[in-house]
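Colleague: can you look at this prediction? I've put the sequence above it.
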Amino acid sequence: MTLVYALDHQHAASPEDLTALVGGKAANLGVMARDLGLPVPPGFVITTEACRRLLAGDWPGELEDELREAVARVEERVGRRFGDPADPLLVSVRSGAPVSMPGMMDTILDIGVTSATARGLAAVGGEAFAADCRRRLGAMFRDVVAAGDPPDDPWLQLRHAIEAVFRSWNSDRARAYRAREAISDDMGTAVTVQAMVFGNRDARSATGVLFTRNPATGEPTPYGDVVFGAQGEDVVAGSHATEPIAVLDERMPEVAAELGDHARRLEHHFADLCDIEFTIESGRLWLLQVRVGKRTPEAALRIAVDMAEDPAFPLTRDAAVRRVGALLEAPMRTVRRRAASPRPLLVGLPASPGIASGPIATSPEAAEKLADQGRPGILVREETSPDDVPGMARAAGIVTARGGIASHAAVVARGWGIPAVVGADGLRILGDWIDASGTRLSAGDTITIDGGTGEVFRGVVETDDEPIAAARTLRAWATELGIDLGSGTSSPADPSGVDLVAPLDAGSGTSDPDACVRAIGIKGLATAEALAAAVRGEPADIPAAVSDLVDRGLVAVSGGAYRLTSAGTQRLGELVAAERTTIGADVAEVILDEFLAFDRALKEVVTAWQVRPITGSAEPVLNDHTDPEYDASVLARLDRLARDADAWLASVEQRSPRLGGYRARLAAAAHAAANGDTRYIASPRVDSFHGAWFELHEDLILLVGRTREEEVAAGRA
């Protein structure tokens, strides 16, 4: 199996399988370099399979040769050689998991600086530039590899860096983030290696992060940070003073125009808000990463409206409503401070909107302790790092003294919907107390933060709420389009009788081994007949289709039925994680929320079919089906539900074609029940409506990264 691929390699795999193999970062770098022709530094990716093998044992033997071949291809592209003392190639080593985990794993830059190559760097870039690169490598290497100073051999540096980044998958902070985000521990991370481009080379060099729209408010203007004379990690770490992205228009107007053009192309390609990392080296622009940007619920609504109202943008009103349908089921409101708010103690950058009050916590451990006491606090730090994640996850709000709107604190807070203020001028943290522009406050004192304005207040500030204008617009569109926001579904009810929807022909899925893995994993234990029904195939074809999975150690036969092995369960986790990345975790959550609106109705229908009320009795009795009028009324309810569910799944199919495949099973069951075979309502002996619906629920729970037990505990199952 190949473990190393060029970033612009033309893969034959599906998007889901590709993301599972090379991670989201490398998959999107490939889109930019290969499909869109955008300026991406040459490089290659080492797959998640290599990570899993390394974490399970040792460095894969074949990786060494593949690594040297890949470096040679990069050398040929850039015209410099790795380890050349005259004009050396330096590389970066970055993580890139199938699911976005911003800042949770490690990065090492400037790999290849040695005592010999430093002289070559100084000759082409100056003594200060060479010294800065060597200092950065030493600091990152000691922190990430935890093995003293980097060796004076560039190839040893590269190997140590790759191994350390792979092992950062199992760091405490990465595990804490995955637990918070319900991400599987089994998928592993890929590692992306690229030729270094230097934002610290000279006065015409910089690094930054650009969101194509404001992820906090949805305002359709570029939003981001830039730091001149710095390297990429300086922006995310929050360790350097940043400037707003608009400063590029003044200092480098040609670069600003080029970046704006690339941003528009990427936003149209992904049909969504994009988060772009870039570096400028001596006036030349390079793109280092793109991903669909995390945004607040308020921003999600405005972005949906603005994109759908733009005739040149590839998002229809129908798709816009469905994208945010779960946010529209109840009229959304936002919290605002009352006009008579007190004078703020501090003013920083509004990084993540919302208002939160709570006691001050000056360490992540203190934030966790307050949360355990039922008093979530405001985590106040000079800056946050991935090591603070356990406390950030439990905090009511976050304030930092340093950092910009693309800093670690800002990105994580927005992703989790936690109010945050960053870069608060005048804030000093001194042990268990803070100095807020001359006002001394102790840990445990209450403060209020407004992540929408960047203000920090003493004590509790009174608030009011108000409706969000974009929500009103989207709800009006839903009415016009006949989209039922009560269930997240589509077209108006059909007034016809009890002739349920006809079955759809979805074809056979037995030729797709991954479809069989998914079906067996969701069922737990599946006979050939049950598996055939799930993949829309013939029972006689199943043994041959599954035999390869058995040979590969993914499936075992137990008591005449199929179950996944541990390797099969791992493969299922990879498939789910890749799909979650492809369609977006937020979209997966929306689909599950839409499903839940139907779920209660189905449970009521199934209960009504199994038991019926008796006049004059408070207790229902088993339905003996001797009342044709009552049974007809239940079938009519199933008819309406089946039609609505089919229309909803048609919209789901646009977002996830695979999930739309449940339409065929549900339609076939509904059709059979309507034509007299009422086993297809809920009997476990056939592929009933209730059975297929239950498996769809299991599928969606997996997709969002939770378990049924967690859903039951939360009252959602």
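Modeller: Okay, I see it.
Colleague: what ranges in the stretch 251-400 of the chain fall below the confidence cut-off?
Modeller: When the per-residue scores of the stretch 251-400 of the chain are filtered using pLDDT under 70, the ranges that remain are 329-341.
Colleague: so where do the strands sit in it?
Modeller: Counting by DSSP state E, counting those that start in this stretch, the segments of the stretch 251-400 of the chain that form strands are 274-281, 284-292, 333-337, 346-352, 355-361, 378-381, 397-400.
Colleague: of all the ones you listed, which lies closest to H262?
Modeller: Each of the strands of the stretch 251-400 of the chain has some distance to H262 by C-beta to C-beta; the shortest is strand 284-292, at 6.4 Å. Yep, even glycine has a C-beta here, placed from its N, CA and C like the rest.
Colleague: can you list the domain ranges for this protein.
Modeller: Here the domain parsing of the chain from automatic domain parsing is 1-196, 198-295, 297-332+468-481, 335-466, 581-713.
Colleague: redo those domains as a markdown table? Include distance to T569 and mean neighbour count.
Modeller: Listed next are those as a markdown table, based on distance: least, C-beta to C-beta, whole Å; neighbours: other C-beta atoms under 10 Å:
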| stretch | distance to T569 | mean neighbour count |
| --- | --- | --- |
| domain 1-196 | 8 | 19 |
| domain 198-295 | 27 | 21 |
| domain 297-332+468-481 | 29 | 19 |
| domain 335-466 | 26 | 20 |
| domain 581-713 | 11 | 18 |
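Colleague: looking at those, which is closest to D548?
Modeller: domain 1-196 (16.0 Å).
Colleague: what's the span of the closest one from first residue to last?
Modeller: 28 Å (C-alpha to C-alpha, to the nearest Å).
Colleague: I'd like the distance from it to the chain centre, please.
Modeller: How far domain 1-196 lies from its chain's middle: 21 Å, per C-alpha atoms, centre = their mean, to the nearest Å.
Colleague: tell me the mean pLDDT for it?
Modeller: Average pLDDT, domain 1-196: 92.
Colleague: which residues of the stretch 201-350 of the chain fall in helices?
Modeller: In the stretch 201-350 of the chain, helices defined by DSSP state H, counting those that start in this stretch lie at 233-237, 247-251, 253-270, 297-309, 317-323, 325-328, listed in chain order.
Colleague: between those, which gets nearest to E480?
Modeller: It is, among these and with distance given as C-beta to C-beta, helix 317-323, at 8.1 Å.
Colleague: identify the residues contacting the closest one?
Modeller: Applying C-beta atoms under 8 Å, 6 or more residues apart in numbering, the external contacts of helix 317-323 come out as 300, 304-305, 307-308, 315, 328, 474, 477-478, 481, 483, 488, 587, 590, 651, 654-655.
Colleague: T527 - how many residues pack around it?
Modeller: T527 sits with 15 neighbouring residues when counted by other C-beta atoms under 10 Å.
Colleague: E163: which of the strands of the stretch 251-400 of the chain is closest?
Modeller: Going through those one by one, with C-beta to C-beta as the measure, strand 284-292 comes closest at 22.2 Å.
Colleague: now that closest one: how far from the chain's centre is it?
Modeller: The chain centroid and the centroid of strand 284-292 are separated by 18 Å under C-alpha atoms, centre = their mean.
Colleague: ok, and what's touching it?
Modeller: Contacts made with strand 284-292 from outside it, assessed by C-beta under 8 Å, 6+ apart, are listed as 24-25, 28-29, 31-32, 38-41, 100, 194, 197, 232, 255, 258-259, 262, 266, 270, 272-280, 584.
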